[in-house]
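Q: okay, predicted coordinates and the sequence, questions at the end:
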Amino acid sequence: MAAARKALLEERSRLRDELAIAIEAPGQMTYGSQAAAATHVFEQQRDLALRGRSENQLALVEAALARIDDGRFGACVRCGQPVAPERLEALPWAEHCIDCARLRSGSRG
Ligand SMILES: [Zn+2]
């Protein structure tokens, strides 16, 4: 549990750093060509996608830390069964046991 908490705290600060960097605006740039502008748009969209992923991940990490605090850490949020320790070691923010995770990914793609 202490190890999971440490891993979660590290992951949280890493994600916060990542998001803080992503917030920085590129500034006023002028583009010499449409191609350069198009590349920039592409990069912005890619950054937004990455940012969305980091935000989701941060939410998972914070939820896991909250579960540690109220003693529900390690139990699947769907079925209440214990999440396998090796799964928690690999993914300390995992909310679901492997069975529920499979069901979810099966139904949501
Ligand atoms: Zn479950």
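A: Yep, it's here. Numbers count the residues shown, from 1 in each chain.
Q: angles on the backbone of the residue lying farthest from the centre of the chain, please.
A: Relative to the centre of the chain, the most outlying C-alpha is that of residue 32, 36.0 Å out, by C-alpha atoms, centre = their mean. Note on residue 32: backbone dihedrals following degrees, to the nearest 10 are phi -80, psi -20.
Q: got it, and the one 10 residues further on?
A: For residue 42, the backbone dihedrals (degrees, to the nearest 10) come out as phi -60, psi -40.
Q: ok so, going back, can you check the pLDDT for the residue farthest from the centre of the chain?
A: According to the prediction, residue 32 has pLDDT 78.
Q: so who does it touch?
A: Counting by C-beta atoms under 8 Å, 6 or more residues apart in numbering, residue 32 touches no other residue. All C-beta spots, glycine's among them, are computed from the backbone N, C-alpha and C.
Q: how about residue 75?
A: Under the criterion of C-beta under 8 Å, 6+ apart, the contact list for residue 75 reads 67, 81-83.
Q: perfect, that will be all.
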